[in-house]
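Visitor: Quick one, what's the 3D model for this:
(2 chains)
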Amino acid sequence: MKSLSKHRLAWPVIALAALLLLNQVFRPDFMSLRMQDGHLYGSLIDIMRNGAPTILIALGMTLVIATRGIDLSVGAVVAIAGAASCAYIAASPEPGSPVTAATAVLIAVVAGLALGVWNGFLVSTIGVQPIIATLVLMTAGRGVAQLITGGQIVSVSNDSYKSIGAGYLFTLPISILITAAVFALAAVLTRRTALGTLIEAVGINPVASRLAGLRARNIIWIVYVFSAVCAAIAGLMISSNVTAADANNAGLYIEMDAILAVVIGGTSLAGGRYTLVGTVVGAFIIQTLTTTVYTLGIPPEVTLVFKALVVITVCLLQAPKARNLFTRLKAAPKPAAQEAVKEKVAI
Amino acid sequence: MNEIVPVVEMTDIAIGFPGVKALDGVDFRLFQGEVHALMGENGAGKSTLIKALTGVYTIDSGTVTVLGEPKRFSTPGESQAAGISTVYQEVNLCPNLTVEENVLLGREPRRRGSIDWKGVRSRTREVLAELQLDHIDPGSLLSTHSIAVQQLIAIARSVEINAKVLILDEPTSSLDADEVSQLFRVIRDLRDRGVAILFVSHFLEQVYEISDRMTVLRNGKLVGEYLTRDLSRMSLISKMIGKDLEALAELDQAPARTRASNGAGLTPFVEARGLGRKGSVSNVDLSIYPGEVVGLAGLLGAGRTEIARLFFGADKADEGTIKVKGTGQKIRSPRAAIDKRIGFCSEDRKEEGLIGDLTLRDNLVLAMQASKGWARRIPRRVQDELVAEYIEALDIRPANPDALIRNLSGGNQQKVLLARWLVTHPELLILDEPTRGIDIGAKTQIQKLVNKLAADGMSILFISSELEEVLRVSDRVAVIKDRAMVAEINNDGVSVEDVMTVIAGGAQ
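Guide: Predicted coordinates for the structure are as follows:
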């Protein structure tokens, strides 16, 4: 039990379970799932589907943060990806065909790739501090997105495109499947190869990593590209869900939610050891919070305060100092340790 | 003596980390007006005991009393408030502040709410004068002083706050002889004024010179407490390593080096001509042949580490040439050096060697993994075999591949870093102070290992502050002085004095 409560995922998981239980108490049908027209419905599915873009972005953010970096530009990448794909579909001669949708997806992902390369270039080659380097794209990116959409909200009508964010496959929302696939890919990419260990090494001690022969530049480049591609896929989901690209509001403040998910999940902003599972749990906590606000019927004006309270609690539970305090309150005085082996002074 | 209440009394202390039991039922007493040496090999629990006393670690069980009052320290601040002051090997002051600001940091005399700078100056002068350190200018920046003086200033700070207990953790490891004697004068002075001093050092002679009593630890357990004058050096060492004297005698035998014959016809593995870097070192002419150990001798700060960094590409050379196996090369980065089969163990284990939050296994295979690239992960089975092999070969303790490296003792961390390079099979291994701050047992093991590696054909560049050690392991010695190479001596019966003469030689 003690070792379980010391596990780094313990508190995020407990917090998530508590939130879910709270919802269950107020709405007895909260956990229930039902089939309708071959689709799975239920609050839990809604939470996962609505949380999918945040989870995606938080996965990329986790790896960036593990290298001691941060990526503030993800919201702008969401906007650019959505704008580029929707603008392409709207302008194409066959705006309804699946081929057009596929091309649009490709364009968005390549755009994400290019933006990630840009961030990675600034951070790893030029040596700009990550927060500044990605701030560039954070501000400039929305401008680029507006240029693409011409300042308008671009609506599209393409069933294939719409299915990314709103469609179903094997009874499950496609967005959940995409997110699960990216999670699996990230897990395999980092733990089946040495990438995960090397990311942590660079994050924990960059100087020693360099002297051990690590090419930190490549590692850093990879994580920023991965982060931007995740953001581009999230951008596709968001724009597909509303079948429109909104350069101003798509993915607004999503970087904050993503960073929060990473931190709640137990990855330190100081870099080093990270946990992808923790990040997913963190993102679920954030999304469940939003749902809880509706379930409890909390008036909109207190919503943010309520969210803040939960976030503060989870963060406190994770802080080593607060944790020590907690365990010390719990710990009863222990019986004396076994007798020491001593050698008497005999000279 | 028994009626006197100890200043510090620690009873039945236990501290554990995941995978390591660092302290187990240890007792420790420290009396007023004594210099008490804490002795033990690396990993014996010396640092852990100090950190328990200074509140860096929280103890799992046991009691601590200060002047008879039970205490439970969970932060360094609480320990300091109880009158315990610590001076670490790496000085924990602010280099960008002045001497007086450091001495009185957080306790500046005030006048009407603002800092009374005149008071700061005069109080600092007083304290420095008490310690006969009048020659230090209170207004100078801390960073302009040598490590030795910075340590003395740290001590001055503890005098200013009237510390009852002064802990000196490896204070002498980067000082020269004069600096050590100055430090000892100050220590004796404080002792005579009733301060209880806890002294930790790996230099046996210094311990015998300065300490009144000693407590010996081994493997996290208490061996015993002794009066220094009653304990011979040999019995101390045997208590520290837990072996009897005969086994020690064998250990003590200097691993006599069979000199490699670097025939004139051979190509050196690496050959530097006029190698240098602006603002660092200049004019380094040095060749190292396969199977040869070349020692770099020189005072601290003479430029030994800088030369090592040039050979490894950690700093880029901007003058001179380097040939590897006879062909001209530019070594632009550590990675380039590693590709040419050069390895480098930095003297700064913590900052430049260890990846603290990763495991022993991850640290050990890091260089090998780095040169394979991230995509080709070394299979877990191969990793486990390598780790098991080197844990056994180098006697790394604890023999737990999943232990976090930061929880290992200094000597064992050093062995892991050595192993990190050995698994890459380098042809040139640069060892910068590989035995600094580690105990006799591990030191002898490392010296023997160096000989064995050279006998197997590896070239080794060996850097150490201890001239005896340099002479013991090296075939040739390059003498470094004032950031340039001044002489090269073939080590055929050369004595420490000979080398000292060369270093002192071109003095004026």
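
Visitor: need the helix or strand of chain A with the lowest average pLDDT.
Guide: Lowest mean confidence among the helices and strands of chain A (mean pLDDT, DSSP states H and E): helix A:2-6, at a mean of 52.

Visitor: number of nearby residues for residue B:41?
Guide: Look at residue B:41: counted by other CB atoms under 10 Å in any protein chain shown, it has 26 neighbours. C-betas here are computed from N, CA, C, even on glycine.

Visitor: Tell me the confidence at the closest residue to it other than its chain neighbours?
Guide: Of all residues beyond its chain neighbours, the one nearest residue B:41 is residue B:439 (3.7 Å), with distances taken as CB to CB, 6 or more residues apart in numbering or on different chains. Taken from the predicted model, the pLDDT recorded for residue B:439 is 73.

Visitor: Around the nearest residue in space to residue A:34 that is not next to it in sequence, how many other residues sit close by?
Guide: Closest residue to residue A:34 apart from its sequence neighbours, by CB to CB, 6+ apart: residue A:41 at 5.4 Å. One way to gauge burial is a neighbour count; for residue A:41, by other CB under 10 Å, it gives 15.

Visitor: Distance of residue A:41 relative to chain B?
Guide: Shown here: residue A:41 relative to chain B, a distance of 41 Å by CB to the nearest CB, to the nearest Å.

Visitor: Verify the contact between that residue and residue A:32 for me.
Guide: No. The pair formed by residue A:41 and residue A:32 falls short of the contact definition of CB atoms under 8 Å, at 9.4 Å.

Visitor: Show the contacting residues for residue 168.
Guide: Picked chain A for this. Each residue near residue A:168 by CB atoms under 8 Å, 6 or more residues apart in numbering or on different chains is listed here: A:38-39, A:174.

Visitor: Chain B was what I was after
Guide: The neighbourhood of residue B:168, defined by CB under 8 Å, 6+ apart, consists of B:86-87, B:187, B:197-200.

Visitor: Quick check: phi and psi on it?
Guide: Recorded main-chain torsions at residue B:168 are phi -110, psi 110, according to degrees, to the nearest 10.

Visitor: One more: residue A:128?
Guide: For residue A:128, the backbone dihedrals (degrees, to the nearest 10) come out as phi -70, psi 140.

Visitor: Which helix or strand contains residue 77?
Guide: In the absence of a named chain, this looks at chain A. Secondary structure here is read from DSSP states H and E; on that basis residue A:77 sits in helix A:74-91.

Visitor: try again with chain B
Guide: Assessed by DSSP H and E, residue B:77 sits inside helix B:76-81.

Visitor: what helix or strand does the residue of the stretch 401-508 of chain B found nearest chain A sit in?
Guide: Residue of the stretch 401-508 of chain B nearest chain A, by CB to the nearest CB: residue B:420 (6.8 Å). With secondary structure defined by DSSP H and E, residue B:420 is part of helix B:410-422.

Visitor: ok, then the element right after that helix?
Guide: Elements were assigned by DSSP H and E; along the chain past helix B:410-422, the next helix or strand is strand B:428-432.

Visitor: near chain A at all, that following strand?
Guide: No. Using CB under 8 Å from any CB of the partner chain, strand B:428-432 stays clear of chain A, with a minimum separation of 10.8 Å.

Visitor: which other helices and strands contact that strand?
Guide: Where contact means 3 or more CB pairs under 8 Å, 6 or more residues apart in numbering or on different chains; DSSP states H and E, strand B:428-432 is packed against helix B:304-312, strand B:342-345, helix B:410-422, strand B:459-463.
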